[in-house]
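**Student:** any chance you can model this:
(2 chains)
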2 protein chains.
Amino acid sequence: MNKKKLYNVAVLGATGAVGQEMIKVLAERNFPIGELRLLASARSAGKTVRCGTRELVIEEACDAAFAGMDIVLGAAENDIAKRFAPAIQAAGAMFVDNSSAFRLDPDVPLVVPEINPEDVAAAKKGIIANPNCSTIITLMALAPIARISPIQTLVASTYQAVSGAGAEGLAELEAQAEAYPKGEPLQAKAFPHQILFNLIPRIGGVGENGYSSEEMKLQNEGRKILHLPELRVTCTCVRVPVMRSHSISATFTTARPVSVEEARTALASAPGVQLVDDPNNDVYPMPLATSDQDDVFVGRIRRDLVSENGLTLWCCGDQIRKGAATNAIQIAELLIQ
Amino acid sequence: MNKKKLYNVAVLGATGAVGQEMIKVLAERNFPIGELRLLASARSAGKTVRCGTRELVIEEACDAAFAGMDIVLGAAENDIAKRFAPAIQAAGAMFVDNSSAFRLDPDVPLVVPEINPEDVAAAKKGIIANPNCSTIITLMALAPIARISPIQTLVASTYQAVSGAGAEGLAELEAQAEAYPKGEPLQAKAFPHQILFNLIPRIGGVGENGYSSEEMKLQNEGRKILHLPELRVTCTCVRVPVMRSHSISATFTTARPVSVEEARTALASAPGVQLVDDPNNDVYPMPLATSDQDDVFVGRIRRDLVSENGLTLWCCGDQIRKGAATNAIQIAELLIQ
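**Tutor:** Below is the predicted model of the structure:
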């Protein structure tokens, strides 16, 4: 991308949970913005939103809306991302897209800036994909260990916050929490069942092999980000009544044994990671503690009792921030470096 | 045990969550009770409790209280179980104990009636131990498959309800749910941190190998119940804001490959198990659906993508009932058969 002092940035899907957080993170990190254009559906057009000191009006997303933009941050669903990608390309803007539409496209880099920043250079279509939220959080914990010895297998169980279902997911848990003490019926719409005091062990459609789309992302995206095409992952994705941080229980093997001490040392110095691991003093990663900030917390690191070359750990990270908005803006920062 | 028409039964720890449920389950299952004696600490003595049509007064637990009893159901902590075991033995009663004090004693059978009922006969000390709640629920899902081919390794992540911390745990989540909408501070006492909208990834003290006592139970008790002394288990135990059903994500290998279809067939006909597995129609085990009943629900059965001989599944069961009270009373039923 050509060097400039200020860059024109559009947020596509600016009214959703991730879009709103992108606007916040752009301001927090003092991204050098010239014009900031906030795009959403016709329904939201005309609403005003604050970004740092600016007051901005939401515009309806249309092909013409990308003219003059340098970077488009995508926070919309797959169909919207696919629909507008050609217009973004035609406008000559870089599209940093949080949907899963382009993640596995060989011409689209899939980037976690702390892990594979160099892949940004390989963007052949003007698109860089932001990985799945659970994938980012899990790989932030695993990548520092994978640098010691490549990861071969991973068994992961997720504990995913309602924010993964967007603003509607957050509103639904909030509404159920409000209704419960009053004895009012708990309405389920964003989720197929009550989520307060419950767990829903399916996220995304289930394919022929019995795995949900969300579960397969950890293997498919993990292979691409870590450059480990042989990585095998068995994942179980579960929605839990937590607001906005995802947690993952991960048991994995490496090509050669990595000791708990080696893993701790690697994690302690890894950027974007906090080692939080003193369980007998009740110090361990928790979703409440990782909410509204960017670091991924990692703890409960111990030898796997099943495999000689295995370790197991527990990690948590804010799904909306590092799992989506912050990672996308870090990618944009790589683009303008 | 000598055959009788009616048996004198004592419940030790009758005021706790498990003790209360034992009283309820005894009545529900028409256990042939002569005298029912409810024992607890001095603090609770004098309170009255209903059991079916009977109104009973709580008595203080003391050595003399076991005289004339045929069966003592233990629902107290380890120290209480150890303290009264000699008096129960001296009184000639069978002690079905839910604490972990005697579970690994080679002279004490550890029994899940659907899995290893024959072990009841090996009681050499008049004690039969009731396994850990997560262990019972996990093994109810795995044992029907282990009968096809022995299980060799298991990687499990638990999602454990607050009832596992007893009546105080239930009261704490309830109190936090009441306080939250009012904007009042959420008090944490039964748990080291807020549990509403949070996860706590430690249950029990953590040992030198980094595993908590709760995590090691699945391997230690699983080996004994399944008669698989070589079974290797890596377990991560996590407290979740759910009232009374535990859930487990279990990935395991068997000596020879077992197909998903074989596993489903075995589970569909297993007593105490319900196969609940149609995820694309939102049919899967959930803690809300398994609360206040005895069956363990099993679903999300699919091939492990990591190991040739592996499967993975998700199961839920009521922690207070099949995880504790019902299993103990099923053991008592075996004793009087």
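
**Student:** show me what the helix or strand of chain A with the lowest mean pLDDT is packed up against.
**Tutor:** Lowest by mean pLDDT, DSSP states H and E among the helices and strands of chain A is strand A:48-51, with a mean of 86. Strand A:48-51 sits against helix A:17-28, strand A:33-40, strand A:54-57, with contacts defined as 3 or more Cβ pairs under 8 Å, 6 or more residues apart in numbering or on different chains; DSSP states H and E. Just so you know, the C-beta spots here come from the backbone N, C-alpha and C atoms, and that holds for glycine as well.

**Student:** so what are the domain limits for chain A?
**Tutor:** Domain ranges of chain A: A:7-131+A:324-336, A:135-319, per automatic domain parsing.

**Student:** that older thread, right, and the helices and strands packed on strand A:48-51 - which one's nearest B:E21?
**Tutor:** Among the helices and strands packed on strand A:48-51, the nearest to B:E21 by Cβ to Cβ is helix A:17-28 (40.4 Å).

**Student:** centre of the chain to that closest one, how far?
**Tutor:** Computed by Cα atoms, centre = their mean, to the nearest Å, the chain-centroid distance of helix A:17-28 equals 13 Å.

**Student:** who touches it?
**Tutor:** Under the criterion Cβ atoms under 8 Å, 6 or more residues apart in numbering or on different chains, residues A:9, A:11-14, A:33, A:36, A:38, A:40, A:49, A:51-52, A:73, A:75-76, A:98, A:163, A:166-167, A:169-170, A:320-321, A:324-326, A:328-329 lie in contact with helix A:17-28.

**Student:** what of stretch A:201-218?
**Tutor:** With Cβ under 8 Å, 6+ apart, stretch A:201-218 has contacts from A:100, A:103, A:131-132, A:134-135, A:138, A:154, A:156, A:160, A:164, A:233, A:235-239, B:247, B:249, B:260, B:279-280, B:282, B:284-286, B:299-303, B:305, B:314.

**Student:** again, only this time at 7 Å
**Tutor:** A:132, A:134-135, A:138, A:156, A:160, A:233, A:235-239, B:260, B:279-280, B:284-285, B:300-303, B:314 (Cβ atoms under 7 Å, 6 or more residues apart in numbering or on different chains).

**Student:** and A:P144, backbone torsions?
**Tutor:** Main-chain torsions, A:P144, degrees, to the nearest 10: phi -60, psi -30.

**Student:** mind checking the domains of chain A for the one nearest to B:K124?
**Tutor:** Minimum separation from B:K124 across the domains of chain A (Cβ to Cβ) falls at domain A:135-319, 29.8 Å.

**Student:** and the average pLDDT for the closest one is what?
**Tutor:** In this model, domain A:135-319 has a mean pLDDT of 98.

**Student:** I'd like the distance from it to the chain centre, please.
**Tutor:** On Cα atoms, centre = their mean, the centre of domain A:135-319 falls 11 Å from that of its chain.

**Student:** first vs last residue of it, how far apart are they?
**Tutor:** One end of domain A:135-319 to the other measures 10 Å (Cα to Cα, to the nearest Å).

**Student:** next, count neighbours for A:P257.
**Tutor:** Burial measure for A:P257: 16 neighbouring residues, criterion other Cβ atoms under 10 Å in any protein chain shown.

**Student:** run through the residues that contact it.
**Tutor:** A:308-309.

**Student:** isn't there a helix covering it?
**Tutor:** No - going by DSSP: H, G, I helix; E, B strand; the rest coil, the assignment for A:P257 is coil, not a helix.

**Student:** with mean neighbour count as extra columns, can I get the helices and strands packed on strand A:48-51 in TSV?
**Tutor:** Formatted as TSV, the helices and strands packed on strand A:48-51 follow (neighbours: other Cβ atoms under 10 Å in any protein chain shown):
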stretch	mean neighbour count
helix A:17-28	23
strand A:33-40	21
strand A:54-57	12
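
**Student:** so for B:P185, which of those sits nearest?
**Tutor:** helix A:17-28 (26.4 Å).

**Student:** hang on, the earlier thing: got the buried residues for the least confident helix or strand of chain A?
**Tutor:** Neighbour-count burial for strand A:48-51 flags A:49, A:51 (criterion: 16 or more other Cβ atoms under 10 Å in any protein chain shown).

**Student:** run through who's touching it.
**Tutor:** Counting by Cβ under 7 Å, 6+ apart, residues outside strand A:48-51 touching it are A:14, A:23, A:26-27, A:36, A:38, A:55-58.

**Student:** show me where the stretch 201-337 of chain A has strands.
**Tutor:** Ranges of strands in the stretch 201-337 of chain A, per DSSP state E, counting those that start in this stretch, are A:232-236, A:245-254, A:273-275, A:296-303, A:310-318.

**Student:** which one is A:G299 nearest to, not counting chain neighbours?
**Tutor:** A:D277 (3.7 Å; Cβ to Cβ, 6 or more residues apart in numbering or on different chains).

**Student:** ok, that neighbour - contacts?
**Tutor:** By Cβ under 7 Å, 6+ apart, the contact set of A:D277 is A:264, A:283-284, A:299-301.
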